[in-house]
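# Generate coordinates for the sequence data below:
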Amino acid sequence: MLAKLLLKDAGHQLLDFLIIVRNKFLVKKGYPRFKKNARSVEYKTSGWKLLDPKHIEFTDKKGIGKLKLIGTWDLAFYPEDKIKRVRLVRKADGYYCQFCISVDVKEELPPTHQTIGLDVGLKEFYTDSKGKNEPNPRFYRQGEKRLKFHQRRVSRKKKGSINRKKAINKLGRKHLKISRQREEHTKRLARCVIQSNDLVAYEDLRIKNLVKNHCLAKSINDAGWYQFRKWLEYFGVKMGRITVAVNPAYTSQNCSNCGAVVKKSLSTRTHVCACGCRLDRDENAAINILNRALGTTGHVGTWILDPNASGDLSSTFVGAILHQQDGSLIEESPYL
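The predicted structure is shown next:
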């Protein structure tokens, strides 16, 4: 059996490999087969063994056999008892083998003595309290023309045919590319923001409620606000920065200078107050977000670790209540 696989570590540090599957024990050759509605299989600390840094063998008698790993990462660097999970995952562009490795990835950064508030939006990806903004790339909108082309190709093929499966695979590859573009974009921005500031404040948005507006649902999903917050909190824990999620209510309506309520519709992009304050709508909201964070309003997303404490906590998950905490954040690209 010969196939291309990509190996990712889903632990505290991600490792990427291009690997080739060679199975000399199967009589019938082909790619790994999953059940109808399954795309992955997960092993814990048994059912597999590393033969050497470049080979892994599955010993659960399911016929997977031996996999050859090709890549720049050396698994021998990590003790085998640190590998907590091994997954085989099928995606549109091939098969992935994911290693979950328990390692400490905290970084020591000097303080910057800077604080920032972020207001995410659809026109600009985010606007900060200093008046700077980041453009919204709109990856889905850019690729929508090609997506429609591939969707038409799928609809024209006979159901159950090999050509239809090939067309579906091409459509899936396009969707996968867009999702990866969005993920890497939010990851890059989140890392830059966390490195440059000691405290980052953002809105505690409920994305699943916002997308109920069918007029804006596509644009909201395309923006990737959830991924951005997820990576802000992850890098906040990793680099020892403070991230605070505040209540977004009236951050766009209240004046950041005097606190007066200035009602405005979504089409009104400039905040003008009787006190003489005149700002971009999103900059005014970002300043309000930062002021609420500094006023201890909201909950801390990245917990400040007590040096006398016996353990540490991860950031608060989006939409979770405070007592529902996880002990780790375990995903990162090797390119970071």
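
# the helices in the chain, which residues?
139-156, 162-196, 207-210, 217-223, 225-239, 281-294 (DSSP state H).

# Ok, which of the ones you listed comes nearest Thr127?
When the helices of the chain are compared by C-beta to C-beta, helix 281-294 sits nearest Thr127, at 3.6 Å. For the C-beta atoms, the positions are set from N, CA and C on the backbone; glycine is no exception.

# which helices and strands does that closest one pack with?
strand 115-120, strand 124-128, strand 199-203, strand 242-246, strand 270-272 (3 or more C-beta pairs under 8 Å, 6 or more residues apart in numbering; DSSP states H and E).

# want to throw those into a markdown table with distance to Ala286 and mean pLDDT?
Below are those laid out as a markdown table (distance: least, C-beta to C-beta, whole Å; pLDDT from 0 to 100):
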| stretch | distance to Ala286 | mean pLDDT |
| --- | --- | --- |
| strand 115-120 | 4 | 93 |
| strand 124-128 | 5 | 93 |
| strand 199-203 | 8 | 94 |
| strand 242-246 | 11 | 92 |
| strand 270-272 | 11 | 90 |
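
# can you pull the pLDDT of the nearest residue to Asp74 once chain neighbours are set aside?
What sits nearest to Asp74 in space, not counting adjacent residues and going by C-beta to C-beta, 6 or more residues apart in numbering, is Pro53, at 5.3 Å. pLDDT for Pro53: 78.

# Pro53 and Ser46, how far apart?
In this view, Pro53 and Ser46 are 20 Å apart by C-beta to C-beta, to the nearest Å.

# returning to what we had before: Tyr226 is nearest to which of the helices and strands packed on helix 281-294?
With C-beta to C-beta as the yardstick, what comes closest out of the helices and strands packed on helix 281-294 is strand 115-120 (10.2 Å).

# re earlier: would you mind saying which of the helices of the chain lies nearest Lys66?
Here helix 162-196 is closest among the helices of the chain (C-beta to C-beta), at 26.1 Å.

# Contacts only, for the residue nearest to Asp74.
By C-beta atoms under 8 Å, 6 or more residues apart in numbering, the contact set of Pro53 is Leu69, Asp74, Leu75, Ala76.

# Top of the residues you listed by number of neighbours, please.
In terms of neighbours by other C-beta atoms under 10 Å, those top out with Leu69 at 24 neighbours.

# where in the chain is pLDDT low?
For the chain, the stretches with pLDDT under 70 are 1-32, 70-71, 296-336.

# number of nearby residues for the closest residue to Ile289 other than its chain neighbours?
The shortest distance from Ile289 to any residue other than its chain neighbours is 3.9 Å, reached at Gly117 (C-beta to C-beta, 6+ apart). Residues near Gly117, counting by other C-beta under 10 Å, number 30.

# What of Phe228?
Phe228: 24 neighbours (other C-beta under 10 Å).

# quick one, what contacts the spatially most central residue of the chain?
The centroid of the chain falls nearest to Gln227 when counting by C-alpha atoms, centre = their mean (4.2 Å). Neighbour list for Gln227: Arg182, Glu183, Thr186, Lys187 [criterion: C-beta under 8 Å, 6+ apart].

# and if we set it to 7 Å?
Contacts for Gln227 (C-beta atoms under 7 Å, 6 or more residues apart in numbering) come out as Arg182, Glu183, Thr186.

# any idea how far the closest residue to the second one other than its chain neighbours is from Leu189?
Distances taken as C-beta to C-beta, 6+ apart place Gln227 nearest to Glu183, at 5.7 Å, with adjacent residues excluded. When distances are taken as C-beta to C-beta, Gln227 and Leu189 turn out to be 10 Å apart.

# Same check on Ala274?
From Ala274 to Leu189 the distance is 35 Å (C-beta to C-beta).

# same deal with Ala217?
Counting by C-beta to C-beta, the gap from Ala217 to Leu189 is 22 Å.

# More neighbours: Ala274 and Leu189, which one.
The neighbour comparison of Ala274 against Leu189 (other C-beta under 10 Å) goes to Leu189, with 19 against 9.

# Quick check: the more buried one touching Glu134?
Yes. The criterion here is C-beta atoms under 7 Å, and Leu189 meets it with Glu134 at 6.2 Å.

# Could I get the contacting residues of Arg241?
Ile194, Asn197, Asp198, Val200, Thr302.

# Tell me how far the nearest residue to His150 once chain neighbours are set aside lies from Asp222.
Spatially, and ignoring its direct neighbours in sequence, His150 is nearest to Leu171 (4.1 Å; C-beta to C-beta, 6+ apart). Per C-beta to C-beta, Leu171 is found 17 Å from Asp222.

# ditto for Val105
Applying C-beta to C-beta to Val105 and Asp222 gives a distance of 30 Å.

# what does Arg152 give?
Distance, Arg152 to Asp222, by C-beta to C-beta: 21 Å.

# These two: who's more crowded?
Asp222 (20 against 11).

# what about the residue nearest to that one when sequence neighbours are not counted, how many neighbours?
Nearest residue to Asp222, sequence neighbours excluded (C-beta to C-beta, 6+ apart): Tyr140, at 4.0 Å. Per other C-beta under 10 Å, the neighbour tally for Tyr140 reads 19.

# The residue nearest to Ser40 when sequence neighbours are not counted bridge partners, please.
Once flanking residues are discounted, Ser40 sits nearest to Val89: 4.3 Å by C-beta to C-beta, 6+ apart. Val89 forms beta bridges with Ser40, Tyr96, as assigned by DSSP bridges.
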